[in-house]
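Q: just the structure for this:
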Amino acid sequence: MAFTTIKPQMTLLAISYLLLWTAQGWRERWRFCVGLFSTGILLVGTALIVWPHWIQSWAHVVLGYHRYAKPPLVREVLFEPLGASTAGPASILMIAILLIAAMMIAWRNRAAAADTMEFWLTLSVLLGITTITLLPGQALHDHIILLPGIFLLARRREARSSTMVFKALLAVGFAVLLWPWVAAISLIALRPLLTHQQFYSKAIFALPLRTAAAFPFVVLGLLALALRRTQKVKLSAG
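A: Have a look, this model is predicted:
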């Protein structure tokens, strides 16, 4: 987790939850907090030896990030079609609501044991919220933080038969995940039939990435439903 702070926006919510989780059960979990901060201090200290002014440079880059990075997916997908004047305030409000929801989820599940599905689903939901609220829209490579949630969904066979909504979302998610491969293979097959200008046009060349922006929303929806079901089962068992 200390290494991930090189891009703090990617794990800000996850680390916040883990610190809250550690504080809730300090006697059993203090090693995580000590390990995180000691490793972080070691990384910062050794980096300062190599490059004494890296903190100022890093802060300058972070503060200027908004000038060249695209807005989060919440704005690009949900509000950009409404126009620039509406998209800004509406997306800020939506991001604030989602971050408040993230804090409420973290607080509610702060006592979850590390070997429970509730703990790992909570972390995965927070990473899903991070993907659509704190990461720039063009950073498709940063969607790798969705992998823990995808792995959890792949192994939860019993959840697939829970509700029609879950099954419908699962089907949409599978189609969205499969689309880049289908589109890329199709374009390769059709290459001899297209001119150079047609093949390398933006509309055709970017076709495999058309569904990339929607994928984090689908994963987050599935994870939220899975977490809700897990908590219902826990309450009924208790």
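Q: now do the buried residues in stretch 131-139.
A: 131, 132, 133, 134, 135, 136, 137, 139 (16 or more other CB atoms under 10 Å). For the C-beta atoms, the positions are set from N, CA and C on the backbone; glycine is no exception.
Q: and what of stretch 228-238?
A: Those would be 229, 230, 231, for stretch 228-238 by 16+ other CB under 10 Å.
Q: show me which of the residues you listed is closest to residue 116.
A: Nearest to residue 116 among the buried residues of stretch 228-238, counting by CB to CB, is residue 230 at 8.3 Å.
Q: restricted to helices, list the buried residues of stretch 228-238.
A: Of the buried residues of stretch 228-238, the ones assigned to helices by DSSP state H are 229, 230, 231.
Q: between those, which is closest to residue 24?
A: Taking these together and measuring to residue 24 by CB to CB, the closest member is residue 231, at 16.6 Å.
Q: how far away is the closest one from residue 173?
A: According to CB to CB, to the nearest Å, residue 231 and residue 173 sit 21 Å apart.
Q: what of residue 55?
A: With CB to CB as the criterion, residue 55 and residue 173 are 40 Å apart.
Q: more neighbours, those two?
A: Taking other CB atoms under 10 Å, residue 55 and residue 173 do not tie; residue 173 has more neighbours (19 against 12).
Q: which residues touch that one?
A: Contact partners of residue 173, counting by CB atoms under 8 Å, 6 or more residues apart in numbering, are 215, 218, 219, 222.
Q: that older thread, could the buried residues of stretch 228-238 go into TSV alongside pLDDT and distance to residue 205?
A: Listed next are the buried residues of stretch 228-238 as TSV, based on pLDDT from 0 to 100; distance: CB to CB, whole Å:
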residue	pLDDT	distance to residue 205
229	88	41
230	86	42
231	85	44
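Q: any stretches of this structure with poor pLDDT?
A: For the chain, the stretches with pLDDT under 70 are 81-86, 156-161, 238.
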